[in-house]
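Enquirer: have a look; sequence and predicted model below, questions after that.
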Amino acid sequence: MATLLEGKKVAESVYSKILLDISLLPTIPKIVFVLVGDDGASKTYVNAKGKKCTDLGLQSETLRLPNDVSEEDLLRKISELNKNKNVHGILVQLPLPKKINKARVLAEIDPLKDVDGLHPENAGRLLQGEPRFSPCTPAGVIEMLKFYNIPIEGKNAVVVGRSEIVGKPMALLLLMQNATVTVVHSKTSDLKAVTKAADILVVAMGKPNFIGADHVKAGAVVVDVGIHRTPDGLVGDVDFKAVEPKVSAISPVPGGVGPMTICMLMKNLLTAATLQQKK
Ligand code: NDP
């Protein structure tokens, strides 16, 4: 039977350290979530992040802006948050409405408050192997693999997906751990041939139950980043029932990568508060 990579369990162990670190800070870190429009999933994610802040005794606030907010107004709001010394972290919940230039908005965030790690300066630091804030989901995957003592160095790691928020930073973080990394995407000609060679397979493609038993090597470690609401409940990008019997370890959905994403956000907020205190 495969080992279940339970993000919930890993997150609890990280939170106990975070609580200790909070107690050593002179001020309680504060994060502001910028929520544009009324997308249901975005609201749910922001609520979950805010609740975790409350649980840990961290401060959080949600700045709600209408769907038709202008790009200039949004940039002005971010600039105000940048200047506010009581705000240590800023997270613009994605996706933004199509008419807003996402890259411009993310680049407006003070890089020292960029707890999602998506500002070009932070993305560049990650590329250079000197991350300040790593994007939360891929950072959570690495934390989870380490918690379960899964060797990464020298392994063939395959990342399915190349988004800015998951796939690309995931590949860089695995590379930093000395894995041999391959990234596949929708234009890859023979997906199965590549995924079947993976010792560690991280799937972030946004396609429910897409990865089946014939995509994986026997004994592989499979991390499922995908999350989809279906009439049968939450499912990932991996067909868990089909894949689990074949592999040595697998993350479930829910309870796998999801809790790690919020956990790494809290860790990044603490880092942000510490960096600003030093400054
Ligand atoms: P995106 O839609 O931005 O990216 C999906 C990637 O998958 C793209 O690079 C795309 O390729 C690739 N892809 C799509 N179809 C195929 C295919 N048939 N074969 C190979 N590659 C394919 O998604 P995200 O990275 O933002 O998210 C991925 C999943 O992870 C989603 O389900 C999302 O909800 C979930 N998620 C979960 C989080 C968590 O906390 N657990 C956090 C963030 C995301 P191409 O670039 O060529 O289009």
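Expert: The structure has been received and is ready for your questions.

Enquirer: how close does Lys217 get to Leu56?
Expert: 39 Å (CB to CB, to the nearest Å). (Each C-beta comes from the backbone N, C-alpha and C, glycine too.)

Enquirer: quick one: Val141 and Gly258 touch, right?
Expert: No - contact criterion CB atoms under 8 Å: Val141 and Gly258 do not qualify, at 11.3 Å.

Enquirer: so the two - more neighbours on which side?
Expert: Legend: neighbour count by other CB atoms under 10 Å for Val141 and Gly258, higher for Val141 (29 against 24).

Enquirer: grab the nearest non-local neighbour of Gly37.
Expert: Leaving out its chain neighbours, the residue that sits closest to Gly37 by CB to CB, 6 or more residues apart in numbering is Asn67, at 3.7 Å.

Enquirer: going along the chain, name the strands of the stretch 51-200 of the chain.
Expert: 59-65, 89-92, 156-160, 180-184, 200-203 (DSSP state E, counting those that start in this stretch).

Enquirer: pLDDT of the longest one, averaged?
Expert: If I follow you right, that is strand 59-65. For strand 59-65, mean pLDDT rounds to 98.

Enquirer: need the residues of the stretch 1-150 of the chain near the ligand, please.
Expert: Residues of the stretch 1-150 of the chain lying close to the ligand by CB under 6 Å from any ligand atom are Thr137.

Enquirer: can you name the residue of the stretch 1-150 of the chain nearest the ligand?
Expert: Thr137 (4.2 Å; CB to the nearest ligand atom).

Enquirer: what's the burial count for that residue?
Expert: Neighbours of Thr137 (other CB under 10 Å): 24.

Enquirer: returning to that earlier point: tell me the most buried of the strands of the stretch 51-200 of the chain?
Expert: Comparing the strands of the stretch 51-200 of the chain by mean neighbour count (mean count of other CB atoms under 10 Å), strand 200-203 comes out on top with a mean of 28.

Enquirer: please save the CA atoms from that one in CSV.
Expert: The C-alpha coordinates for strand 200-203 follow below in CSV (Å, rounded to 0.1, in the frame of the first residue of the first chain):
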residue,chain,number,x,y,z
ILE,A,200,8.8,11.8,-8.6
LEU,A,201,5.8,13.0,-10.6
VAL,A,202,4.2,16.3,-9.7
VAL,A,203,0.9,17.0,-11.5
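
Enquirer: what's near enough to touch Asp116?
Expert: By CB atoms under 8 Å, 6 or more residues apart in numbering, the residues touching Asp116 are 91-92, 133, 135-136, 165, 265, 268.

Enquirer: go with 6 Å
Expert: If a contact means CB atoms under 6 Å, 6 or more residues apart in numbering, then Asp116 has Leu91 as its contacts.

Enquirer: what about stretch 138-153, average pLDDT?
Expert: 98.

Enquirer: now find how far off-centre that stretch is within its chain.
Expert: 14 Å (CA atoms, centre = their mean, to the nearest Å).

Enquirer: what residues sit buried inside it?
Expert: 138-145, 147, 150, 152 (16 or more other CB atoms under 10 Å).

Enquirer: for the ligand, see how far away Val223 is.
Expert: 10 Å (CB to the nearest ligand atom, to the nearest Å).

Enquirer: wait, a strand at that residue?
Expert: Yes - judged by DSSP: H, G, I helix; E, B strand; the rest coil, Val223 forms part of a strand.

Enquirer: give the contact list for it.
Expert: Counting by CB under 6 Å, 6+ apart, Val223 has contacts 141, 202, 251.

Enquirer: nearest spatial neighbour of the first one, skipping sequence neighbours?
Expert: Residue nearest to Val141 in three dimensions, not counting chain neighbours: Val223, with 5.3 Å by CB to CB, 6+ apart.

Enquirer: try the last one
Expert: Distance criterion CB to CB, 6+ apart; nearest residue to Ser251, sequence neighbours excluded, is Leu5 at 4.0 Å.

Enquirer: contacts only, for that neighbour.
Expert: Taking CB under 6 Å, 6+ apart, one finds 144, 148, 249, 251, 256 in contact with Leu5.

Enquirer: and the furthest pair within the residues you listed?
Expert: Greatest spatial distance among the contacts of Leu5 (CB to CB): Tyr148 and Gly256, at 11.5 Å.

Enquirer: how close does Ser70 get to Leu63?
Expert: 15 Å.

Enquirer: I meant Phe240, not that one.
Expert: From Phe240 to Leu63 the distance is 37 Å (CB to CB).
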